[in-house]
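Colleague: I would like the atomic coordinates for the input below:
(3 chains)
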Amino acid sequence: MNNLSKKEPFKIAVASGKGGTGKTTVSVNLQYFISKFWSEKVLLLDCDVEEPNDLIFFPESEITGNKEVHLLVPFIDTQKCTFCRKCVDWCEFNAIVVIPPVKFAQVNQSLCHSCGACIVACNNGAISENKVSIGEINNYKTQIGVGLTEGKLKIGSAMQTSVIKALKSEDFNNAEIIIYDAPPGTSCPVVTTVSDADFVVLVTEPTPFGVYDLSLTVDLLKEMNKTTGVIVNKSGLGNNEVYEYLEQNNIPILGAIPFNKNYASKYAQGNILKNILIETEDFYKEIISNIKKYIN
Amino acid sequence: MQEITILSGKGGTGKTSVTAALAVFAENSVFCDNDVDAADLHLIFEPQIIEKQTFDSGSKAIINYNICTNCGICKDYCRFDAIHFENAVKIFIDTFSCEGCKLCYRVCPENAIEMERSLNNFHYLSETRFGTLVHAKMGPGEENSGKLVTEIRRKAKETAKKQNADFIINDGPPGIGCSAISSITGTNKILLVIEPSKSGFHDIKRLIELIDTFKIKKYAVINKFDINMEITTEIEEFLRIQNIPLIGKIPFDKIMVEALINKKAITEFIPDSEISMIFKLIWQKISI
Amino acid sequence: MKTVITSTGNTLDSNFDLRFGRAAYFCVYDEETEKIEFIENIHSNDQGGAGSKASEKMIELGVTKIISGDFGPKAMELLDQFKIRLILMSDESKKVSDILNLMKK
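Modeller: Numbering: from 1, shown residues only, chains lettered A, B, ... in the order given. This is a model prediction of the structure:
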């Protein structure tokens, strides 16, 4: 089965558990080489909304779209409120304070999950909702594939998962392949990112932290029934533990990228798509053919 | 008692290695691993667990299919996109997306939805060669990492009070979302671990903007500063303008990874080295 | 004038509780009637918002002074709106009765 003939794009998530293993480097390169060797209709989606930095690697990009992401936050009209406390009972997050003797009713925004339960609970129409901005979605033309779209959490907001959901609900019908650059960790933002991915590329490094965090992510993806393959980045920098782990757990290695201080410096400067080495090209060619193998 | 939190914005800049390196000098301290998603500090600290507690991360809705009529009312109310029709006929709740708000349970006309507590997260109080460590393990894909951070910080604070400790040292999470916010709230000092890359620089600026809404004293170190001198210089200039004291510059050295593989802090692994001296000075500057 | 002392148990012999939102019990002392009452804190184990809930209770009871070991930011903000005095104590070896005696002096 070749998913490219279907209308729904094929989605590859790049995740890691541990931060700083090279998710962004891999995502950016993957898009570049997919556009060259597989399909030009490839989109890069930066789902690390807390710290999106795919854009850094496209210095010649042009912004083509911007939209705000909102969350609905309830507020209570104390003129209409009868202080019955039903909303307080319905709120699972302790976000509503109602004190009948002093006619006080307030929603604590930092505890509110915007689930809407209080509005359903209120029989007096005393609760309505305001739009609060929690982030933005930006589209860029980058000369590669069909460009880059990023989600960006507003500083101070704790609703990163909602921004990721909004980002993924954008219309991407011009893309045949989408690459999700996932946030680090193993909790809800990662789950939200990889939830609809057809294939997950895990990027790790051969250090004890890299291996341990990889194992946490592998456990998560197993529970989510995801197909995965691993890229060992900065190989040669640590020990062999990661290879033993992958063999024991029957997880395919898509490839290994040797550690190279010059490359680290090039990455630091945001220049990985300039003067690409022939080794790098061969390496990603191999990875793409490996991913294609797993699709079929 | 002072609480110091180590943060970076970007992941993988060396927060945990720095925390461990400073732990050697931080006498009479309680340590707390705030990166509950991917906690790594215990790999160096080798804790002996004394106390294990379950963290209740809330509940998840489940459908009792013996009663459910597949009317779909719950689906219309759910704002988390957690309820779907499977094959267009059978209602299905995706537990990974469910936030446990209980609204579906309340609106279901058949009472076919039950709430199941999620007890898949644990936190621990442990003894280590550096002092007491409070750490946690989240179940895969669990919600509420911010709340778990708050919980273990409270535990660390209680422990520190009992022990009359001088410091609580928090190894922070990456990012600027809920876990980062929970690890910043109420701490006394923040040590920023910055990597001299455009990404590291971009991410630290967003983190600083977040920290500034709390008005907490910041200090900075540049890790692997010699990976890109140009950006290191830019960061130094930026810190100067921001009035953030730069209290150490750590060179890139493969020996940092070797120490890690040997489950040692760099300052234990090669205590008399130049790199260890840099960490000693960092500790002196932040602990006063 | 009502004062609340956070308590680890529901008797005068119980130790002082350093936590406010997560305190096990609230000992409510009415200075006029000299009546002492222990109220269980039903939100002590909630995941979040325990401080707001405890504050809500305090305001509802008409408390004017609270003696505890620590107040979270959300609790402080709310209690401050109602001009409730917060008194910090750090000695958790003290019994609730010891603190009451100190107050009565």
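Colleague: by contact count, what packs against the lowest-mean-pLDDT helix or strand in chain A?
Modeller: Taking mean pLDDT, DSSP states H and E as the measure, the helices and strands of chain A show their lowest mean at helix A:261-269, namely a mean of 85. Counting contacts by 3 or more CB pairs under 8 Å, 6 or more residues apart in numbering or on different chains; DSSP states H and E, helix A:261-269 packs against helix B:198-212, helix B:229-242. The C-beta positions use only the backbone N, C-alpha and C, and glycine is treated the same way.
Colleague: Show me what the very next helix or strand once past that helix packs onto, helices and strands only.
Modeller: Next helix or strand after helix A:261-269 toward the C-terminus (DSSP states H and E): helix A:278-295. Packed against helix A:278-295 by the contact rule (3+ CB pairs under 8 Å, 6+ apart) you find helix A:23-37, strand A:199-204, strand A:228-235, strand A:253-258.
Colleague: cutoff 7 Å now
Modeller: Where contact means 3 or more CB pairs under 7 Å, 6 or more residues apart in numbering or on different chains; DSSP states H and E, helix A:278-295 is packed against helix A:23-37, strand A:228-235, strand A:253-258.
Colleague: Contact residues of chain B facing chain C?
Modeller: Within chain B, the residues that sit near chain C (CB under 7 Å from any CB of the partner chain) are B:56, B:58, B:144, B:147, B:161, B:185.
Colleague: tell me the contacts of C:I5?
Modeller: By CB atoms under 7 Å, 6 or more residues apart in numbering or on different chains, the contact list for C:I5 reads C:16, C:27, C:29, C:67, C:96, C:99.
Colleague: Just the ones of those in helices?
Modeller: C:96, C:99 (DSSP state H).
Colleague: Max pairwise distance over the contacts of C:I5: which two?
Modeller: C:F16 and C:Y29 (13.2 Å; CB to CB).
Colleague: Was I right to think A:E51 contacts B:D203?
Modeller: Yes - using CB atoms under 7 Å, A:E51 is in contact with B:D203, at 4.3 Å.
Colleague: quick one: common contacting residues for those two?
Modeller: With CB under 7 Å, 6+ apart, A:E51 and B:D203 have common neighbours B:9-10.
Colleague: Okay, and the residue of the stretch 1-150 of chain B found nearest chain C sits in which element?
Modeller: Residue nearest to chain C within the stretch 1-150 of chain B: B:K147 (5.2 Å; CB to the nearest CB). For B:K147, the element it lies in under DSSP H and E is helix B:145-163.
Colleague: which phi and psi does the closest residue to B:I168 other than its chain neighbours have?
Modeller: Leaving aside its chain neighbours, B:I168 sits nearest to B:E3 (4.4 Å; criterion: CB to CB, 6 or more residues apart in numbering or on different chains). Torsion angles at B:E3 (phi, psi; degrees, to the nearest 10) stand at phi -110, psi 120.
Colleague: Reformat the residues of chain B next to chain C into TSV and put neighbour count, distance to chain A and pLDDT next to each item.
Modeller: Formatted as TSV, the residues of chain B next to chain C follow (neighbours: other CB atoms under 10 Å in any protein chain shown; distance: CB to the nearest CB, whole Å; pLDDT from 0 to 100):
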residue	neighbour count	distance to chain A	pLDDT
B:D56	18	12	83
B:G58	22	7	83
B:N144	27	8	69
B:K147	23	10	86
B:K161	17	25	88
B:T185	17	10	88
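Colleague: returning to what we had before: of the helices and strands packed on helix A:261-269, which is nearest chain A?
Modeller: Per CB to the nearest CB, nearest to chain A of these: helix B:198-212, 4.2 Å.
Colleague: tell me what that closest one is packed against?
Modeller: Counting by 3+ CB pairs under 7 Å, 6+ apart, helix B:198-212 packs on strand B:189-194, helix B:229-242.
Colleague: how close does A:N225 sit to A:S195?
Modeller: 11 Å (CB to CB, to the nearest Å).
Colleague: Using PDB, list the CA coordinates for the least confident helix or strand of chain A.
Modeller: Taking Å, rounded to 0.1, in the frame of the first residue of the first chain, the C-alpha atoms of helix A:261-269 are listed here in PDB:
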ATOM      1  CA  LYS A 261      32.300  18.900  16.300                       C
ATOM      2  CA  ASN A 262      32.300  20.800  13.000                       C
ATOM      3  CA  TYR A 263      28.800  19.800  12.300                       C
ATOM      4  CA  ALA A 264      27.800  20.900  15.800                       C
ATOM      5  CA  SER A 265      29.200  24.300  15.000                       C
ATOM      6  CA  LYS A 266      27.400  24.400  11.700                       C
ATOM      7  CA  TYR A 267      24.200  23.500  13.500                       C
ATOM      8  CA  ALA A 268      24.800  26.200  16.000                       C
ATOM      9  CA  GLN A 269      25.000  28.700  13.300                       C
END
